[in-house]
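A.B. asks: the amino acid sequence is not available; the structure is as follows:
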């Protein structure tokens, strides 16, 4: 991970690391160029930095972007220069059948390789990432969420910076797990997405939210806003859940860990990629649901076994089937939730930045931020390329 100089973006896609040849030369008159105000470091970025994906060297990272519109293309009608906006990490055209059905995480027109796209991410079409001073956003009228009052937004920018990915992603995990008034909820993972899922569960009316992790600092962060916690290094979550609730099952469960999961108890230091999926099936009551915002990949060069290198995991699907559990996987369709969550932030109904311990650093300190985050720091690092965050 290094900070390098790249070209100022233009309204035409150029060749570069990870860019599909079919995208080279593509005109983006429907796009806007943003002056980046905030661009967060995401846990899924770490998978690429660790070499756990097929990401090519030189890929500019960054899919959590908040910015000020600096330029607009000829075909942009409603977004104006000077607007302060949030950028959904999903790149979507707004025209295909999936976009029209609200499934913006699997847009059919922005990535020649597969459905779905994102900025600065492996196998996602080669769109340049936003951990930079400026970034190109296509289909600006469709993709950009404009903040209604610029001064108010700047005053709450740490919270609003979470709208591009982790807050909607955590909320999606909670919604698809069926969290509602009085629910008991198990969240696997106390990284930023897990903490966002826990925040979302409370926002949706959960009675008890139990967050599990290996890192004591992250568990302490979860307790800071009212969560119960499970230290999976101490043993099976089921037993610890029973001590909290008086029964070993919850109504709803959320996997906010993904494919780099570790075992439990004496096995906690060993990588066991199916552990969390099997655990959430085990601890969710019959007829319940599981939200899976945690990332799973089709190619993992660093996996511990050959099957996992192609995304094949030893999942106890029979257990989930026998309990009639519902599962929801895949990218969060950010546009389904971001406006509502924006309003909750602007009207002081949630404190997402506080709950995930948002920590602002300048762009040139990104490598240090990545290193600290990789060690398990209980922080959500926010890059501030222009020194605009007060």
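C.D. replies: That came through fine. What you are looking at is a predicted structure, and each value in this text was computed from that prediction instead of being measured.

A.B. asks: next one: the helix or strand of the chain with the lowest mean pLDDT to chain centre, how far?
C.D. replies: When the helices and strands of the chain are scored by mean pLDDT, DSSP states H and E, helix 43-49 comes last with a mean of 85. Centre-to-centre, helix 43-49 and its host chain are 11 Å apart (C-alpha atoms, centre = their mean, to the nearest Å).

A.B. asks: give me the residues contacting that helix.
C.D. replies: With contact meaning C-beta atoms under 8 Å, 6 or more residues apart in numbering, helix 43-49 is reached by 1, 53, 55, 59, 61-63, 120-122, 191-193, 258-260, 295, 297, 370, 373-374. Heads up, the C-betas are built off the backbone N, CA and C, glycines and all.

A.B. asks: let's go with 7 Å and repeat that
C.D. replies: Applying C-beta atoms under 7 Å, 6 or more residues apart in numbering, the external contacts of helix 43-49 come out as 1, 53, 55, 61, 122, 191-193, 260, 295, 370, 373-374.

A.B. asks: ok, of the residues you listed, which come out buried?
C.D. replies: Buried members of those, counted by 16 or more other C-beta atoms under 10 Å: 1, 53, 55, 61, 122, 191, 192, 193, 260, 295, 370, 373.

A.B. asks: residue 184: which of those is nearest?
C.D. replies: Nearest to residue 184 among the buried ones among the contacts of helix 43-49: residue 193, at 19.9 Å, using C-beta to C-beta.

A.B. asks: for stretch 53-64, buried residues please.
C.D. replies: Buried residues in stretch 53-64 (16+ other C-beta under 10 Å): 53, 55, 59, 60, 61, 62, 63, 64.

A.B. asks: next step: those restricted to strands.
C.D. replies: Applying DSSP state E to the buried residues of stretch 53-64, the entries found in strands are residue 64.

A.B. asks: pLDDT added to the buried residues of stretch 53-64, as JSON lines?
C.D. replies: Listed next are the buried residues of stretch 53-64 as JSON lines, based on pLDDT from 0 to 100:
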{"residue": "53", "pLDDT": "84"}
{"residue": "55", "pLDDT": "85"}
{"residue": "59", "pLDDT": "90"}
{"residue": "60", "pLDDT": "91"}
{"residue": "61", "pLDDT": "95"}
{"residue": "62", "pLDDT": "94"}
{"residue": "63", "pLDDT": "95"}
{"residue": "64", "pLDDT": "97"}
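
A.B. asks: out of the buried residues of stretch 53-64, which comes closest to residue 331?
C.D. replies: Nearest to residue 331 among the buried residues of stretch 53-64 is residue 63, at 10.3 Å by C-beta to C-beta.

A.B. asks: tell me how far the closest one lies from residue 170.
C.D. replies: 15 Å (C-beta to C-beta, to the nearest Å).

A.B. asks: you'd agree residue 193 is in a strand?
C.D. replies: No. Using DSSP: H, G, I helix; E, B strand; the rest coil, the assignment for residue 193 is helix, not a strand.

A.B. asks: find the nearest non-adjacent residue to it, please.
C.D. replies: Take residue 193 and drop its neighbours on the chain: the residue closest to it by C-beta to C-beta, 6 or more residues apart in numbering is residue 256, 4.5 Å away.

A.B. asks: and the one you found, how many neighbours?
C.D. replies: Residue 256: 30 surrounding residues under other C-beta atoms under 10 Å.

A.B. asks: for it, give me its contacts.
C.D. replies: 173, 187, 188, 189, 191, 193, 194, 197, 293, 294.

A.B. asks: could you rerun that using 10 Å?
C.D. replies: Going by C-beta atoms under 10 Å, 6 or more residues apart in numbering, residue 256 touches 43, 166, 169-170, 173, 187-198, 211-213, 276, 291-295.

A.B. asks: please report how far the residue of the chain positioned farthest from its centre lies from residue 205.
C.D. replies: Distance to the chain centre peaks in the chain at residue 246, reaching 32.3 Å (criterion: C-alpha atoms, centre = their mean). For residue 246, the distance to residue 205 equals 21 Å [C-beta to C-beta].

A.B. asks: same question, residue 9
C.D. replies: 42 Å.

A.B. asks: of the two, who's got more company?
C.D. replies: Between residue 9 and residue 205, counted using other C-beta under 10 Å, the more crowded position is residue 9 (23 against 11).

A.B. asks: now the more buried one. Nearest residue, chain neighbours left out?
C.D. replies: Nearest residue to residue 9 in three dimensions, chain neighbours excluded: residue 136, at 3.9 Å (C-beta to C-beta, 6+ apart).

A.B. asks: tell me which stretches of the stretch 151-300 of the chain form helices.
C.D. replies: Using DSSP state H, counting those that start in this stretch, the helices of the stretch 151-300 of the chain run over residues 157-160, 166-176, 192-203, 216-223, 237-245, 275-283.

A.B. asks: low-confidence ranges, the protein, go.
C.D. replies: Residue ranges of the chain with pLDDT under 70: none are present.

A.B. asks: ranges for the strands of it?
C.D. replies: Listed in chain order, the strands found in the chain under DSSP E are 32-40, 64-72, 84-87, 134-137, 145-146, 184-188, 208-213, 228-231, 250-255, 284-291, 326-328, 358-361, 380-383.

A.B. asks: direction included, what does the shortest one pair against?
C.D. replies: Sheet pairing of strand 145-146 (DSSP bridges) gives strand 84-87 (antiparallel).

A.B. asks: chain center to the partner strand: distance?
C.D. replies: With C-alpha atoms, centre = their mean, you get 16 Å for strand 84-87.

A.B. asks: what of stretch 361-375?
C.D. replies: For stretch 361-375, the distance to the chain centre is 18 Å (C-alpha atoms, centre = their mean).

A.B. asks: need the contact partners of it.
C.D. replies: So stretch 361-375 is in contact with 1-3, 36, 39-43, 45-46, 49-50, 61-62, 131-133, 191-192, 215, 217, 359-360, 377, 379-387, 389, going by C-beta under 10 Å, 6+ apart.

A.B. asks: buried residues in that stretch?
C.D. replies: 361, 363, 366, 369, 370, 372, 373.

A.B. asks: swap in stretch 62-77?
C.D. replies: Taking 16+ other C-beta under 10 Å as the criterion, stretch 62-77 shows 62-73, 76 as buried.
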